[in-house]
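Visitor: Provided below for reference: sequence and predicted model.
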Amino acid sequence: MKWFCAYNVAGQPDGLENVLCLDFEFLNRLSILALMAARCWRARRPGTAIPACARPRTALIRNNLETIFSG
């Protein structure tokens, strides 16, 4: 049994008709739309200006990633 709900390990998993509900499809389409909008925005001038502005401010972290993650 999982700590957050009762679960029968020996039982059959839920079928796709129970998993792929309208809420799941809506959220899936919404996330695809958000990714497409972000891609279009990123290609424009403000989308390229923000990373260029942040690059000098994050140089210390980027140059020391191995030290940060190994320690």
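Guide: Here it is on my side, so go on.

Visitor: Which residues does whichever helix or strand residue 34 is part of contact?
Guide: Residue 34 belongs to helix 22-42 when assigned by DSSP states H and E. With contacts defined as Cβ atoms under 8 Å, 6 or more residues apart in numbering, helix 22-42 is touched by 47-48. Placement of C-beta: from N, CA and C, glycine included.

Visitor: Give me the next element, helix or strand, following it.
Guide: Downstream of helix 22-42 (by DSSP H and E), the next one is helix 45-54.

Visitor: ok and that next one relative to helix 22-42, angle-wise?
Guide: Between helix 45-54 and helix 22-42, the angle comes out at 80 degrees (axes from the mean of the first three to the mean of the last three Cα atoms, to 10 degrees).

Visitor: Now helix 45-54: average pLDDT?
Guide: Taken as a whole, helix 45-54 has an average pLDDT of 80.

Visitor: ok, so what distance separates the residue nearest the centre of the chain from residue 41?
Guide: Residue closest to the average C-alpha location in the chain (Cα atoms, centre = their mean): residue 31, at 9.4 Å. Distance, residue 31 to residue 41, using Cβ to Cβ, to the nearest Å: 15 Å.
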